[in-house]
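[1] Got a sequence here, can you model it:
(2 chains)
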There are 2 protein chains.
Amino acid sequence: MIKDIKQVAKKLKINSKDMFCYGNNIAKINIDQNVDNNKINNSKLILVTAMTSNKSGIGKTTVSIGLADALNKLGKNVCLALREPSLGPVFGIKGGATGGGKSQVYPSDEINLHFTGDFHAIAQANNLLCSILDNHMFFGNALKIDPKKIFIKRCLDINERSLRDISYKIKDYTIKTGFNITAASEVMAILCLSENLDVLKQNLGNILVALDISGNPIYARDLNAQESMTILLKDAIKPNLVQTLDGTPAFVHLGPFANIAHGCNSITATKQALKYADYVVTEAGFGSDLGAEKFLNIKTRELNKTPDAVVLVVTISVVKEHGDGDLLKGFENVKKHIHNLTTVFGLNTVVAINVHKQDTQKEINQITKLIEAMGVKVRKAQGFAKGASGCLELANLVIENAKNPTKMNYVYEMTDSIEAKIEKIAQKVYGAKKVKYSKKAKQQLALIHQFGFDKFYVNMAKTQFSFSGDKSLLGAPKNFTLTIDDIEIRSGAKMIVAIAGKMLLMPGLGKNSNYNNMIIRSYGKIDGLF
Amino acid sequence: MIKDIKQVAKKLKINSKDMFCYGNNIAKINIDQNVDNNKINNSKLILVTAMTSNKSGIGKTTVSIGLADALNKLGKNVCLALREPSLGPVFGIKGGATGGGKSQVYPSDEINLHFTGDFHAIAQANNLLCSILDNHMFFGNALKIDPKKIFIKRCLDINERSLRDISYKIKDYTIKTGFNITAASEVMAILCLSENLDVLKQNLGNILVALDISGNPIYARDLNAQESMTILLKDAIKPNLVQTLDGTPAFVHLGPFANIAHGCNSITATKQALKYADYVVTEAGFGSDLGAEKFLNIKTRELNKTPDAVVLVVTISVVKEHGDGDLLKGFENVKKHIHNLTTVFGLNTVVAINVHKQDTQKEINQITKLIEAMGVKVRKAQGFAKGASGCLELANLVIENAKNPTKMNYVYEMTDSIEAKIEKIAQKVYGAKKVKYSKKAKQQLALIHQFGFDKFYVNMAKTQFSFSGDKSLLGAPKNFTLTIDDIEIRSGAKMIVAIAGKMLLMPGLGKNSNYNNMIIRSYGKIDGLF
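    Model (predicted):
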């Protein structure tokens, strides 16, 4: 079923002069600046999100791919818009992220490895900025940068526990800093949210890199770093076109994590997909409290379009986990996600049960009734086992649902203060009673007010295992206090990152990591990559 | 004159199924394992090297390209084999490395930027190894690795002064380490010298990463890192095909620096070039004491072929610099290079004067006579200004010269001890009277003997500005002592790196670096990149 990528592009009516091919299966597509807004408004944007995950995940990517393949099979002009996997976790415990079973994007080896080099380019741009800043301090520090107030960190796309906290000297200054994983970097967020090179350059220039010794902000533009950073990202901004095993076109582009970052693929990919296809299936990472909240509150504002329909993916075994083995009790989690999507955001929502072998018919009937009792329709998704034909009913339901999109409610207004934004997310989406701020967070809030950053987005960094900040609180916890332990300013990405609990922005390898089980043959075939 | 890369490949009779194209101008070529040794023996290998450089360089790459274009114009089936530029210095002071004027490889922007991602892949593989080692120590350190005896360092392709020396903690261990530039990493050297994935994997497994607390060696294979590292390098091992502005095919692949590393492009590129073309023009970095010495003593042994002819590039202004403005006095430097190539190595050598505008006819005549008095022929190279037609006489001379190749003398035997190898290079090639070792170097030599690494190559790390270890000694210094300050073991690359003086394996940005003068336009055009 795999076609030459030029054939895939042709299906979307992409002009061959707008393609830069990497072999026969991957292409970057030029960003068309003259997008017809009417076409984008008329295209159907389908957001796939999920209930609260366990360590194995819920299968959003697999369902997204199965759904797109089914829409394709039903004769729709459809295109996926997905995140590209981070290379670090491929060698760690989490592994790759290209779907599963019969619902995969292809070529998965390449997508899980270096792909078109986007993540490397981001790390290079980010780290060049750090080098330029240090070089400025080395050569006299004319800007009087305070060595204790440097905010930017380096990044690598490797699980690197050791580099979380490092120190070194620049002449007499001792610098304490560290590396984050590339997916958590501000440059990743900026690239995801920039629709062309000019916007990208401006956003990169706006990165708050440090304070001077009088407490004034120093931006990347003060170091004149934005031109060289944009040069390093000139190709990474273009979305990558691949296909599913079924030949459905798929943009797979950029990948901030959804627990510590905003969790959506690039705006360029989504926009080009909406331009070329009539149905765009996209996913946002982790549960609807994380990726979908950020998709809806942040990305839709930048995109200037809200979803026409939402698919909430549930997995019966995980529902039971949320209820200590009891499906009815665990359903509280699903209920809260449905409530958020339909009532808080006011979106057309359907539920997809990502069916696993061990699920019994009784369980499927039971959860179906519970969902339908909420006035929400539900279908089985069997893309893993059956590919497109396992998602046809879901696809038909989604087509129906997307016909009459609702007007979405935003959880916060952009004019709200940062505290109000955080509290609205915590209360309306998470179900928290109140929000508490650590001393450090309060200091950061003071800076935010001082610098006039109140009009930024809020990007919550929070465990993916609970609606709350405590990963042990399963189901739908209530009356809890969400504690914001730290706050990072991402002025380039127009985001304030509010960190609840100890969220590591750099993962480590595990004791038994995937790298240990991989083999490559003489002729290049790889076993155990994902 | 720029052709589609498929047309360039067709000229070399490369089967299209062996190509992986990156757009229309760049391709990776599969490594053909069944190379006809007869063909390789009959193809003419032309090594371009140079006199001792100043900061501006001598123009080896420009002459190599001009020469290849001229051979092409004369109807020869010719291919270049060059190093790919390191991204770090592109933003620093040195700038890019794709030739100049009418003698350039194309597309130079891409080649100077991320190109096909080879350097990023090398950094990723190298840094994954470091992460795996640290992770092993974090989870109980079963191998009893001594935290004070970790030899491997991380790398980045950025000029990063600050990261030369960093420290961090792994549980109770304090680790003092740092980053080198990717071009100086052992993984770069290994990849350059490995002809296929099996050899690569074996060499990566042989990297000496640390000692245990009893002083026993710990290799990368003891951490089972070689499979995942090879997976990350599966494409980077394949040579990149591009073309000159004149349409001459050029492999541009991998790039260790020649002062701190071995200074030659990959063995896979040279081998495939010899397979597909009748004339292969290749260069080795910096002066003949550095890149060419390493090419001749190390690479030819791995390649199993010596050069059929050598071109020594000289620049009149630099000759004068070596003589405090006096050409005759400065000629001592050229004389020593000619002596080394013709007498020490016993190779067919011609001299190319890389003509600059300011050179007078009188100076050209004077140096021509001096060279011819040594029994060596000389031609002007005017590739920068005139392209192929500026190098036709040089090309004809090279064709003549390559007809009857000599049997090359090696400077050392592989059975020599490491000390003997170092001393033979220092005395025969550099003109040193004797070699002195620091205490640290002596300790390392003791380890080398203990572990049986005497049969390895010696890779000298030495200033490029002098035959000696002291960059202020221009011309052809004599009776000096070469001090080896440190020695690094690169068992994966089968190399001992002997470091004379304080050779930084990680450069810094300069006060006025190139990044500061670059601009990118809305539509992607870059000014000031190189």
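[2] Can you tell me the strand partners of the lowest-mean-pLDDT helix or strand in chain A and which way each runs?
    One helix or strand of chain A scores below all others by mean pLDDT, DSSP states H and E: strand A:99-100, with a mean of 90. Note on strand A:99-100: by DSSP bridges, its sheet partners are strand A:103-106 (antiparallel).
[3] can I get the CA coordinates of the partner strand in CSV?
    What follows is strand A:103-106 as a C-alpha-only set of coordinates in CSV (Å, rounded to 0.1, in the frame of the first residue of the first chain):
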residue,chain,number,x,y,z
SER,A,103,-2.4,1.9,12.3
GLN,A,104,1.1,3.3,11.8
VAL,A,105,2.8,6.1,10.0
TYR,A,106,5.5,5.1,7.6
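[4] Next SSE downstream of that strand?
    Using DSSP states H and E, the helix or strand that follows strand A:103-106 towards the C-terminus is helix A:108-112.
[5] Show me where the stretch 301-450 of chain A has its strands.
    If you assign secondary structure with DSSP state E, counting those that start in this stretch, the strands in the stretch 301-450 of chain A sit at A:309-314, A:349-354, A:378-381, A:434-437.
[6] model confidence over the second one, on average?
    Predicted confidence along strand A:349-354 averages 98 (mean pLDDT).
[7] what's in contact with that strand?
    A:48, A:58-59, A:62-63, A:67, A:309-316, A:334, A:338, A:341-342, A:359, A:364, A:367-368, A:371, A:376-381, A:384, A:391, A:394, A:397-398, A:401 (Cβ atoms under 8 Å, 6 or more residues apart in numbering or on different chains). Where you see a C-beta, it was placed from the backbone N, CA and C, and this is true even at glycine.
[8] Same check on the third one?
    With contacts defined as Cβ under 8 Å, 6+ apart, strand A:378-381 is touched by A:59, A:62-63, A:66-67, A:313, A:350-355, A:364, A:367-368, A:371-372, A:390-391, A:393-394, A:397.
[9] How about the first one?
    Residues from elsewhere that reach strand A:309-314 (Cβ under 8 Å, 6+ apart): A:44, A:46-51, A:58-60, A:63, A:67, A:288, A:292, A:334, A:337-338, A:341, A:345, A:347-354, A:367, A:381, A:394, A:398, A:401-402, A:405.
[10] Now do the contacts for the residue of the stretch 301-450 of chain A found nearest chain B.
    Nearest to chain B, among the residues of the stretch 301-450 of chain A, is A:Glu302, at 18.8 Å (Cβ to the nearest Cβ). With contacts defined as Cβ under 8 Å, 6+ apart, A:Glu302 is in contact with A:193, A:195, A:267.
[11] As CSV, the residues you listed with distance to chain B and pLDDT would be great.
    Formatted as CSV, the entries for the contacts of A:Glu302 read as follows, by distance: Cβ to the nearest Cβ, whole Å; pLDDT from 0 to 100:
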residue, distance to chain B, pLDDT
A:Leu193, 18, 97
A:Glu195, 12, 95
A:Ile267, 17, 97
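[12] Most tightly packed of the strands of the stretch 301-450 of chain A?
    The highest average neighbour count among those, using mean count of other Cβ atoms under 10 Å in any protein chain shown, belongs to strand A:309-314 at a mean of 28.
[13] Among the contacts of strand A:349-354, the buried ones, what's the PyMOL command?
    One line in PyMOL is enough to select the buried ones among the contacts of strand A:349-354; burial here means 16 or more other Cβ atoms under 10 Å in any protein chain shown:
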select buried, chain A and resi 48+58+59+62+63+67+309+310+311+312+313+314+315+316+334+338+341+342+359+367+368+371+376+377+378+379+380+381+384+391+394+397+398+401
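[14] Just to be sure, which of the contacts of strand A:349-354 are found in helices?
    Secondary-structure check on those using DSSP state H: residues within helices are A:62-63, A:67, A:316, A:334, A:338, A:364, A:367-368, A:371, A:384, A:394, A:397-398, A:401.
[15] Quick check: closest non-adjacent residue to A:Ala189.
    Spatial nearest neighbour of A:Ala189, excluding adjacent residues (Cβ to Cβ, 6 or more residues apart in numbering or on different chains): A:Ala493 at 3.8 Å.
[16] Just say helix, strand or coil for the one you found.
    coil (DSSP: H, G, I helix; E, B strand; the rest coil).
[17] which bits of the stretch 201-350 of chain A sit near chain B?
    A:201, A:224-225, A:227-228, A:230-232, A:234-235 (Cβ under 8 Å from any Cβ of the partner chain).
[18] Which entries within those residues meet the buried criterion?
    The neighbour count (16+ other Cβ under 10 Å) marks A:201, A:225, A:227-228, A:230-232, A:234-235 as buried among these.
[19] Now do the contacts for A:Ala50.
    Contacts were defined as Cβ under 8 Å, 6+ apart; by that measure A:Ala50 touches A:58-60, A:286-288, A:312-314, A:337.
[20] Take the residues you listed and lay them out in a markdown table including distance to A:Ile150.
    Compiled in a markdown table, the contacts of A:Ala50 are given as follows (distance: Cβ to Cβ, whole Å):
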| residue | distance to A:Ile150 |
| --- | --- |
| A:Ile58 | 38 |
| A:Gly59 | 41 |
| A:Lys60 | 36 |
| A:Phe286 | 30 |
| A:Gly287 | 34 |
| A:Ser288 | 35 |
| A:Leu312 | 41 |
| A:Val313 | 41 |
| A:Val314 | 44 |
| A:His337 | 39 |
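[21] Just give me the closest of these to A:Ala476.
    Of all those, A:His337 has the smallest distance to A:Ala476: 8.7 Å, by Cβ to Cβ.
[22] In helices only, show me the residues of the stretch 201-350 of chain A next to chain B.
    Those of those lying in helices (DSSP H): A:201, A:227-228, A:230-232.
[23] I'd like the residues you listed written out as TSV, with distance to A:Phe20 added.
    Listed next are these as TSV, based on distance: Cβ to Cβ, whole Å:
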residue	distance to A:Phe20
A:Lys201	21
A:Glu227	22
A:Ser228	22
A:Thr230	18
A:Ile231	17
A:Leu232	17
